[in-house]
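Novice: What shape does this take:
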Amino acid sequence: MASTSSASSISLQGNGQKTSLPSLAGKNALQINLSFSFALPLSKVICVKSSGTVNYNEVVVDEEMDKIRRLQNGSDVRGVALEGEKGRTVDLTPPAVEAIAESFGEWVINGLEKERGYPVEDVKVSLGRDPRVSGASLSVAVFAGLARAGCIVFDMGLATTPACFMSTLLPPFSYDASIMMTASHLPYTRNGLKFFTKKGGLTSPEVAEICDKAARKYANRLAKVSTMLRTPPTKVDFMSSYAKHLRDIIKERVNHPQHYDTPLDGFQIIVNAGNGSGGFFTWDVLDKLGADTFGSLHLDPDGMFPNHIPNPEDKTAMALTRAAVLENSADLGIVFDTDVDRSGVVDDKGNPINGDKLIALISAIVLKEHPGTTIVTDARTSMALTRFITDKGGQHCLYRVGYRNVIDKGVQLNKEGIEAHLMMETSGHGALKENHFLDDGAYMVVKIIIEMVRMKLAGSDEGIGSLIKELEEPLESLELRMNIISEPRHAKAKGSEAIETFRSYIEEGCLKGWELDSCGDCWVSEGCLVDTNDTPAAIDAQMYRAKVSDKKHGQHGWVHIRQSIHNPNIAVNMQSSIRGGCQSMAKTFRNEFLQASGMDKILDITQITKFVNSG
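Specialist: Numbers count the residues shown, from 1 in each chain. Down below sits the predicted model:
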């Protein structure tokens with residue numbers, strides 16, 4: 001049952017230890033008048049426009065509105081919430097967050113009214129957050145914004161991103177929408193918002209619409225914002241219900257013949273939560289299913305992330321987990337990111353499994369259950385992964401980078417009658433058709449644990465890593481970054497110019513042996529890296545992939561160039577099956593494209609040059 005208590009703290013217990021977290025918003029803290037004041041530069045020009053459709057003058061300050069619009073990062077909102085980053089000013093302020101939350105609340109209400117055909121009342125929205133130190137003050141701004149929109153607000157406290165979405169589905173909660181406050185693996189100075197309805201996460205165009213409305217609200221309140229939150233949000237304990245949901249899945253699918261309720265008895269599993277929100281999986285899932293979790297790391301939430309970046313791609317996180325697995329002779333190690341929508345694992349031999357390896361592992365499990373299904377990934381995966389999937393009887397669809405792009409492609413394919421049960425990006429975001437197309441790091445680990453127990457019950461002692469022993473690794477693989485030399489407001493346009501120039505150079509034959517790869521090795525004839533169907537997906541960031549060949553080796557590699565949606569830079573990924581192939585491609589990329597086209601004047605090519613010179 002949902003708790004409506006307004007207790008001042010939340011108790012979390014793991015491995016016999018309790019951590020007391022300050023309440024997100026106690027009753028006394030919320031029943032105050034919050035004021036946010038802004039001092040405008042004297043040189044700023046404020047244009048007042050009269051509108052015949054409203055009863056007030058609309059104050060439009062373009063520069064300030066652009067600041068809010070730039071907070072959009074694909075399907076999320078992200079920004080700097082605390083001082084401390086060199087060259088970055090705080091832009092995710094309480095007034096900005098309040099305006100965005102209010103616009104989201106209005107967007108939800110409008111959507112429900114269109115869907116139902118009549119006015120709606122009592123629209124319920126939940127908020128969860130990771131342990132970042134800016135979370136408490138920004139949570140109050142979210143509560144205020146949602147209240148302004150007319151929503152009833154529920155405070156989930158410390159939570160995970162997948163749990164926020166599931167709070168819209170699992171009874172007795174079943175909220176109309178949810179917000180997760182997190183910036184994933186980014187530094188403690190950052191924070192952000194992720195949005196959900198019962199249909200899933202919002203798309204980039206939907207978030208752009210919300211941010212545009214929020215920008216206008218923000219501009220209209222530049223002088224002062226004063227919000228009285230007369231009714232505090234109702235505190236609920238959703239995470240306990242979510243953990244039980246995961247436990248029930250493991251028990252039902254393992255169906256252990258000797259001990260149904262404790263199917264993990266006899267297994268030692270180590271969790272590295274990175275001081276994020278993932279500690280619950282240790283004490284509220286694994287421990288209660290009988291697992292030995294001794295040796296687990298960094299379970300206590302700490303928004304300063306003192307030990308390492310909570311990220312399954314982080315080398316320190318993986319190395320510490322590997323060491324703990326080997327030291328304790330554990331069966332499995334788990335690494336969660338801050339908000340637990342991504343995960344990675346370490347097998348019993350100490351082998352880190354993330355990136356292509358994690359996609360291969362989940363693919364092997366899913367293809368046992370759904371032979372012949374299509375696996376959708378981003379276009380940075382290796383040619384070896386494609387061979388692995390097809391050798392297992394599956395189909396591989398490569399699509400644009402961005403976890404939302406990959407998931408939405410899988411949804412589209414299923415609607416068109418092409419069975420796609422797994423969508424996964426190399427960063428670790430993975431979604432399954434059976435789990436509402438939700439990228440849930442804990443659910444992915446649940447799938448791995450179930451398979452691990454099944455293998456043991458079948459008499460195998462090989463461990464989970466044996467499922468990917470046939471996966472070849474690319475001989476060379478790297479990622480380089482080029483910062484865009486521009487004011488922040490012009491960075492996106494400059495980045496798009498560079499990406500489109502790259503496309504033109506290849507199409508015009510300026511790079512010998514380079515050819516635009518519009519479909520990768522995917523068997524789906526329409527869509528893929530470039531949508532050609534009647535309803536192409538909106539593009540949140542420009543990107544292209546080129547396959548590279550020569551007379552001696554044939555096709556030996558590829559180069560993928562894309563504009564970051566999080567930062568003003570361009571990422572360049574390369575893979576090659578021959579020694580020295582990446583250095584050779586980087587040299588061609590620099591000499592025959594960047595310098596020949598003049599793009600080196602708007603891009604910082606330091607990393608490219610350093611790699612060309614040093615290899």
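Novice: From now on I want contacts and neighbour counts done on CA atoms only, so please keep to that.
Specialist: OK.
Novice: Going by neighbour count, which residues of stretch 193-204 are buried?
Specialist: With burial defined by 16 or more other CA atoms under 10 Å, the residues of stretch 193-204 counted as buried are 193-198, 200-204.
Novice: got the contact list for it?
Specialist: Contacts of stretch 193-204 with the rest of the structure, by CA atoms under 8 Å, 6 or more residues apart in numbering, involve 73-78, 108, 161, 164-165, 168-169, 176-183, 404, 436-438, 538, 540.
Novice: Next: stretch 155-163.
Specialist: Contacts with stretch 155-163, where a contact means CA under 8 Å, 6+ apart, come from 10, 23-24, 126-131, 180, 194, 233-239, 242, 277-278, 339-341, 438-441.
Novice: give me phi/psi at D130?
Specialist: Main-chain torsions, D130, degrees, to the nearest 10: phi -90, psi 180.
Novice: And for P233?
Specialist: The phi/psi pair for P233 (degrees, to the nearest 10) reads phi -70, psi 150.
Novice: For it, give me the pLDDT.
Specialist: What the model reports for P233 is a pLDDT of 90.
Novice: count of neighbours near it?
Specialist: The burial metric for P233, expressed as a neighbour count using other CA atoms under 10 Å, is 25.
Novice: Might you report the residue contacts of it?
Specialist: With contacts defined as CA under 8 Å, 6+ apart, the neighbours of P233 are 143, 152-155.
Novice: Name the member of the residues you listed with the most neighbours.
Specialist: The member of the contacts of P233 surrounded by the most neighbours (other CA under 10 Å) is F143, with 28 neighbours in all.
Novice: Which strand or helix spans that one?
Specialist: Element membership for F143 (DSSP states H and E) is helix 135-149.
Novice: Now do that helix: distance to the chain's middle.
Specialist: 22 Å (CA atoms, centre = their mean, to the nearest Å).
Novice: Which SSE is immediately downstream of it?
Specialist: strand 152-158.
Novice: what inclination does that following strand have with respect to helix 135-149?
Specialist: For strand 152-158 and helix 135-149, the angle between their directions (axes from the mean of the first three to the mean of the last three CA atoms, to 10 degrees) works out to 170 degrees.
Novice: next SSE after strand 152-158?
Specialist: Note on strand 152-158: by DSSP H and E, the next helix or strand toward the C-terminus is helix 161-166.
Novice: Need the CA coordinates for that following helix. CSV is fine.
Specialist: What follows is helix 161-166 as a C-alpha-only set of coordinates in CSV (Å, rounded to 0.1, in the frame of the first residue of the first chain):
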residue,chain,number,x,y,z
THR,A,161,14.4,6.3,-13.5
PRO,A,162,12.7,3.0,-14.4
ALA,A,163,10.7,3.1,-11.1
CYS,A,164,9.3,6.5,-12.0
PHE,A,165,7.9,5.1,-15.2
MET,A,166,6.6,2.0,-13.5
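Novice: SS state for the residue lying closest to G279 once chain neighbours are set aside?
Specialist: Distances taken as CA to CA, 6 or more residues apart in numbering put L299 closest to G279, at 4.6 Å, once the chain neighbours are dropped. Under the three-state scheme (DSSP: H, G, I helix; E, B strand; the rest coil), L299 adopts coil.
Novice: ok so, going back, and the helix holding F143, what does it pack against?
Specialist: For helix 135-149, the packing partners by 3 or more CA pairs under 8 Å, 6 or more residues apart in numbering; DSSP states H and E come out as helix 94-116, strand 124-129, strand 152-158.
Novice: tally of neighbours for P172?
Specialist: Burial measure for P172: 12 neighbouring residues, criterion other CA under 10 Å.
Novice: Which helix or which strand is home to it?
Specialist: With DSSP H and E as criterion, P172 is part of no helix or strand.
Novice: Ramachandran angles for it?
Specialist: With angles defined as degrees, to the nearest 10, P172 shows backbone torsions of phi -90, psi 10.
Novice: ok, back up a step: next step: the contacts of stretch 155-163 restricted to helices.
Specialist: With helices taken from DSSP state H, the overlap with these comprises 238-239, 242, 441.
Novice: Kindly reformat those residues as CSV containing distance to T426 and neighbour count.
Specialist: Rendered in CSV, the data for these read as follows (distance: CA to CA, whole Å; neighbours: other CA atoms under 10 Å):
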residue, distance to T426, neighbour count
F238, 30, 25
M239, 27, 22
Y242, 26, 21
G441, 13, 26
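Novice: Would you check which pair of these lies furthest apart?
Specialist: Among the ones in helices among the contacts of stretch 155-163, the pair separated by the greatest distance (CA to CA) is F238 and G441, at 17.5 Å.
Novice: Good, wrapping up.
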